[in-house]
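S.K.: What follows is a predicted structure for the sequence shown.
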There are 2 protein chains.
Amino acid sequence: MRLPADTLINARWVIPVEPQGIALEHHSVVVVAGRIVALLPTAQALAQYDAAESVDLPTHALIPGLVNAHSHAAMSLLRGYADELPLSRWLRERIWPAEARLMSDEFVHDGTLIAATEMLRGGVTCVNDMYFYPEAAARAYLSVGLRASIGLVVIDFPTRYASSADDYLDKGLAARDRLRDEPTLGFCLAPHAPYTVSDASLIRVAALAEELDLPIHTHVHETRNEIAEHEVAHGSRPYERLRALGLSSSRLIAVHSVHLQAHEIAQMANDGVSVVHCPSSNLKLASGIAPVNSLIAAGVNLALGTDGAASNNRLDLMGEMRLASLLAKGVAEDPQALSAHQSLRAATLGGARAIGQDAAIGSITPGKWADLTSINLGAWDMQPCHDPVAQIVYVAGRDQVDDVWVAGVRRLARGALTTDRLTSLDNLVCIWGNRLVSSTSV
Amino acid sequence: MRLPADTLINARWVIPVEPQGIALEHHSVVVVAGRIVALLPTAQALAQYDAAESVDLPTHALIPGLVNAHSHAAMSLLRGYADELPLSRWLRERIWPAEARLMSDEFVHDGTLIAATEMLRGGVTCVNDMYFYPEAAARAYLSVGLRASIGLVVIDFPTRYASSADDYLDKGLAARDRLRDEPTLGFCLAPHAPYTVSDASLIRVAALAEELDLPIHTHVHETRNEIAEHEVAHGSRPYERLRALGLSSSRLIAVHSVHLQAHEIAQMANDGVSVVHCPSSNLKLASGIAPVNSLIAAGVNLALGTDGAASNNRLDLMGEMRLASLLAKGVAEDPQALSAHQSLRAATLGGARAIGQDAAIGSITPGKWADLTSINLGAWDMQPCHDPVAQIVYVAGRDQVDDVWVAGVRRLARGALTTDRLTSLDNLVCIWGNRLVSSTSV
């Protein structure tokens, strides 16, 4: 008598990530009601389960879906809009003025839809987003089926979205109240950065985070300049101030963390802070290179992010894994720094832990949601394959991603999106491209 | 009365690279007998030329074919064979022993065939190769139609290929004599590195380079360790010795050049040396990061290379362009360092100049060979496009490469290889993978 199952996924390799460092050969994942119920050798799985659907992946590695732990998804519409500028000028001269002209519920929905589709096709199953109009973003995520942790942004200047720090928080929390029953949506409080948010707002954020059990998603020490200006304005380094105001805890998602002193790394480790490393964005904006090796040595939880498409310019977490591993080795002059296995962990379980969801996603573990990504290692240019994890990180690109499941629903099948929104996406990009051009030519 | 032409390629953008910094809209390239005869607005081209074949690229950028200025192509068969080791152990414990067991005419032919196909599909039209059995490599290049500069290797220890430095040179020069009339093949003298080649051999190489008008392709200052050991063994830094022996000239292709002192950069600029930057390989082997910004500031000709698949592990020059630009910005903390236009130049004309072929290839210039690559910027995830060159370097991947011509022959058409060798490649990889596994398990 075989047990019923919704889906049986039979893969050449299954890489559970937890425990780290292993690749199981000829194993199967059993999915029931959107969750992983078993991981076992394929021969046993076929004998024990009677599945409604069976998916064979004879040349693939099945990994936990990638978690993009930092993005501003809707900025896909601003891709390439401000290349080759430093962060401060990039923000003040290009991005903020463009947002002031264009930002709206529709802009956020459309931009998020494009970004979510790009991420899904590249093997990402969950994104930690920070932008405006959270309900517009939520509509986009729900329509393509990407899991999202939506940042409820707080910034101490008015935008088209909100007029004051309290207005941002009130609007964000109201959106959360309306969306909190969606199983694929989560929320963070997202004060933009220490240099754009006042003490009073940060204190309110810290209190709300405790009260509502929410992570705090913020930019920390991205550039030297921002630290120097903060020292002048506040008499302290930004992370020092966050810590003094009670924000340094296991709730804190410290994005970038490019410029850290040794005592700050020790404090982050001690307080259980997660760091999101965004190597492409940090290089492209010339912010520098985060001390990933020191963070890992200290025991800080490391996650990976793409940042937004205006500073990267592709939302490609496979590429970030490769770059993170290569960069860590080159900087440390140690070829074992950030191994392929460590990079894959950062891109999956590390991200899940950062957003407080490591009990639900981030590894192929019975009981967790079936958020899964298959990578085809079978083509001749992926050979020979001595270690599938090394192959994923050092050889494969996102074009080798073949299948993606979010909560057991197959969103990408053999490289094709199961919901075809591509025609409408072409139109969206064209519309916004034209608006952007016409608004800049004035 | 219209002029006859073989092929008219009508592109949304043509990026000639020379002059640098421009993207011509709605332009056409006219090809006759394998060469570019004109570059002009499409409307004029259609009025003036009667072409046997017309190719419309309505959403594409047409660029000069990429020049991969450093590879060990046949090492595609050793892909992933020695990950996460430093160069010295990587060579001595893994690569050299594997080569001692496996290397043969057949190994080089098969490995080169796989690498050449991977490169061609990724937009590369010319590779500067350094490996053993040059005639085996040549057969592979001729069969897939990739232009190659074949390094005639010299190393001061015996291998299965040759017994002594003189034997290497004699065999290499004999191969060149037999192949010198092939229009898509060129040759370099390729002393492996200062630490593996004696004074006597280097002096003979320098003399032969003058006599036969050949470039000299060698590894220079890849790791700190190799410099330190060379100082002990020879009482000088490796480049200092190359220079003292007469090898520092516009013929010299100094691959890697990761660790250079200011006076060495000035000497390279003064002597007209070309440097091949291989950022992925240098990071992955933990060699360090080459001083690209200083080299460019000094006026050194910069080219880009993938290195071999055992140290990268993908032969993806599009990825190297992106990485080179990002890395240069991050290291210099200057977002304008190695702009997209500079990176594209390094990956095309810079490589052509390094191998002494800048009069024949490397830019879309009438009179040069029609070595051309099209990149499709039309998909929704490539939008919006403010600058096609930035889009190529920062957004596109090699999966956006749609067409490749070498000497006017279309080798890739709409993403598909025109000579389908994929079935035989699958077999080749499988055969060699098995031999590699069986030889290591002994």
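M.R.: Received the coordinates, thanks. Numbers count the residues shown, from 1 in each chain, chains lettered A, B, ... in the order given.
S.K.: Just checking: what are the partner strands of the longest strand anywhere in chain A?
M.R.: Determined from DSSP state E, the single longest strand within chain A is strand A:49-64. Taking DSSP bridges as the criterion, strand A:49-64 sits next to strand A:3-14 (parallel), strand A:372-376 (antiparallel) in its sheet.
S.K.: from the middle of its chain, how far away would the following helix or strand past the longest one be?
M.R.: Proceeding N to C from strand A:3-14, the next assigned helix or strand is strand A:24-32, under DSSP states H and E. Going by CA atoms, centre = their mean, to the nearest Å, the spacing between the C-alpha centre of strand A:24-32 and its chain's C-alpha centre is 25 Å.
S.K.: Show me what counts as buried in strand A:24-32.
M.R.: A:24, A:27-32 (16 or more other CB atoms under 10 Å in any protein chain shown). (Each C-beta comes from the backbone N, C-alpha and C, glycine too.)
S.K.: any idea which of these is the one closest to chain B?
M.R.: The nearest member of the buried residues of strand A:24-32 to chain B, counting by CB to the nearest CB, is residue A:24 at 18.9 Å.
S.K.: Just give the closest residue to that closest one, not the sequence neighbours.
M.R.: Excluding the flanking residues, the one nearest residue A:24 by CB to CB, 6 or more residues apart in numbering or on different chains is residue A:14, at 4.6 Å.
S.K.: what residues are up against that neighbour?
M.R.: Residues in contact with residue A:14 (CB atoms under 8 Å, 6 or more residues apart in numbering or on different chains) are A:23-24, A:27-29, A:39, A:61-62, A:364.
S.K.: wait, isn't residue A:386 in contact with residue B:81?
M.R.: Yes: counting by CB atoms under 8 Å, residue B:81 is a contact partner of residue A:386 at 6.2 Å.
S.K.: which other residues reach stretch A:138-147?
M.R.: Stretch A:138-147 is touched from outside by A:65, A:73, A:108-110, A:112-113, A:116-117, A:119-120, A:124-127, A:148, A:150, A:175, A:179, A:182, A:184-186, A:361, A:369, A:371, A:406-407, A:409, A:411, A:417, A:419, A:421, with contacts defined as CB under 8 Å, 6+ apart.
S.K.: could you pick out which of those are near chain B?
M.R.: Filtering the contacts of stretch A:138-147 for neighbours of chain B using CB under 8 Å from any CB of the partner chain leaves residue A:117.
S.K.: circling back: which of the strands paired with strand A:49-64 has the highest mean neighbour count?
M.R.: strand A:372-376 (a mean of 26; mean count of other CB atoms under 10 Å in any protein chain shown).
S.K.: send the alpha carbons of that one over as CSV?
M.R.: Taking C-alpha atoms only, strand A:372-376 is exported to CSV below (Å, rounded to 0.1, in the frame of the first residue of the first chain):
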residue,chain,number,x,y,z
LEU,A,372,12.8,24.2,-5.1
THR,A,373,15.0,25.0,-8.1
SER,A,374,16.4,22.5,-10.6
ILE,A,375,19.6,23.2,-12.5
ASN,A,376,20.5,21.2,-15.6
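S.K.: okay, residue A:380: pLDDT?
M.R.: pLDDT for residue A:380: 87.
S.K.: That one - nearest residue in space that isn't next to it in sequence?
M.R.: residue B:425 (4.1 Å).
S.K.: which ones are touching the one you found?
M.R.: Neighbours of residue B:425 in contact, by CB under 8 Å, 6+ apart: A:380, B:113-114, B:117.
S.K.: Which two among those residues are spaced furthest apart?
M.R.: Farthest apart among these by CB to CB are A:380 and B:113. That separation is 10.1 Å.
S.K.: Outline the domain layout of chain A.
M.R.: A:3-64+A:365-407, A:66-354 (automatic domain parsing).
S.K.: Tell me how far the closest residue to residue A:182 other than its chain neighbours lies from residue A:90.
M.R.: Nearest residue to residue A:182, sequence neighbours excluded (CB to CB, 6+ apart): residue A:142, at 6.6 Å. Counting by CB to CB, to the nearest Å, the gap from residue A:142 to residue A:90 is 31 Å.
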